[in-house]
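**Student:** Coordinates for the following, if possible.
(one chain, ligands or ions: 1)
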Amino acid sequence: MSSSYLSSNSSSPLTHLDLLAMKQRGEKIACLTAYDASFGALIDAAGIDVILVGDSLGMVIQGHTTTLPVKIDDMIYHTRCVTKTCKRALVIADLPFMTYATPELAAQNAAALIQNGGAKLVKLEGAKIEIVQFLVSQGIAVCGHLGLLPQFIHQLGGYKVQGKAAESAEKLLADALAIQNAGASMLILECVPAELARHITEQLTIPVIGIGAGGACDGQVLVVYDMLGISTGKRPRFSKNFLADTNSIESALKNYSNAVKNGSFPTAEHSF
Ligand code: KIV
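**Tutor:** As a prediction, the model looks like this:
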């Protein structure tokens, strides 16, 4: 076994264990989406810790009104583009709609994202405990996603804050604990009240990354086109245009990373 197999340093690619150590040290984790090699390189160079190749690409790249039309081949293609240039950030890829309906299907599609796309973790939406357990048993690192679930949009009836009622808040906490107990390495919480997100973050030992979930999560994620103000739709309340106060994409990305790490983003204005 070569010694490089066992060693790591500050420029080594990050793993989920590095993120766990950041949570334990109280150090915030900065995350952005990316879908291509150029943004992969810029975001990585800005010191962002995690790049999510999200199925939001269905909306911001492909122009659909939801993420539902995204196919596994789209995700593999965009993940491969990002991993070509990303050196340090941990790359997570989304399993798109209906690609993890059974454990076998999930394993086959997760394997494709890892083997052909170069992803380190795969993300799936909802409390799919049996699926998470099966993927983990096959050696696949998993990121959960709770709260507003864009793949469930027709069931949810719109892009709304989740977990406002006591009963749904309790279910969110129970689901988050079940996903952690199933072996997930991370959790994304989307559009939930800030106080509930704080409670869930405190109860979980794995890192919790928020989007529209207040400032107490272990880290933050935004869709890169939203935070550069270049998305075609209305910017969501939880996002902020970081390009508005500077004149380069590089500094907008660095300012975002600094703002997440020093706790100045998000504020109450970006939370529910
Ligand atoms: O697809 C995506 O970009 C996401 C984030 C919004 C969390 O899932």
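**Student:** ranges for the strands of the stretch 51-200 of the chain?
**Tutor:** Along the stretch 51-200 of the chain, the segments classed as strands by DSSP state E, counting those that start in this stretch run 90-94, 121-125, 141-147, 186-190.
**Student:** Bridging across strands, which residues link to residue 122?
**Tutor:** Beta bridges link residue 122 to residue 93, residue 142 when assigned by DSSP bridges.
**Student:** what about stretch 207-215, near the ligand?
**Tutor:** Yes: for stretch 207-215 and the ligand, the contact criterion (Cβ under 6 Å from any ligand atom) is met by residue 211. Using the backbone N, CA and C atoms, a C-beta is placed for each residue, glycine as well.
**Student:** Just the CA trace of that stretch, in CSV.
**Tutor:** C-alpha atoms of stretch 207-215 as CSV (Å, rounded to 0.1, in the frame of the first residue of the first chain):
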residue,chain,number,x,y,z
PRO,A,207,-23.5,17.6,8.8
VAL,A,208,-26.8,19.4,8.0
ILE,A,209,-26.7,21.8,5.0
GLY,A,210,-29.5,24.3,4.7
ILE,A,211,-31.1,26.1,1.8
GLY,A,212,-33.8,28.4,3.1
ALA,A,213,-33.4,26.8,6.5
GLY,A,214,-31.8,29.6,8.5
GLY,A,215,-28.3,30.3,9.7
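**Student:** which parts of the lengthiest helix in the chain are buried?
**Tutor:** For the chain, the helix that runs over the most residues, judged by DSSP state H, is helix 166-181. Buried residues in helix 166-181, counted by 16 or more other Cβ atoms under 10 Å: 169, 172-173, 175-176, 178-180.
**Student:** Show me the helices in the chain, by range?
**Tutor:** Using DSSP H, helices in the chain cover 16-25, 37-45, 57-60, 72-85, 103-115, 129-137, 153-156, 166-181, 194-203, 224-227, 249-261.
**Student:** Measure how the first one sits relative to strand 186-190, angle-wise.
**Tutor:** To tie it back to what came earlier, the one meant is helix 16-25. Angle between the axes of helix 16-25 and strand 186-190 is 70 degrees (criterion: axes from the mean of the first three to the mean of the last three Cα atoms, to 10 degrees).
**Student:** Ok, the second one next?
**Tutor:** Interaxial angle of helix 37-45 relative to strand 186-190 (the same axes, to 10 degrees): 110 degrees.
**Student:** how about CSV for the strands of the stretch 51-200 of the chain, with mean neighbour count added?
**Tutor:** CSV is the format used below for the strands of the stretch 51-200 of the chain (neighbours: other Cβ atoms under 10 Å):
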stretch, mean neighbour count
strand 90-94, 28
strand 121-125, 24
strand 141-147, 25
strand 186-190, 26
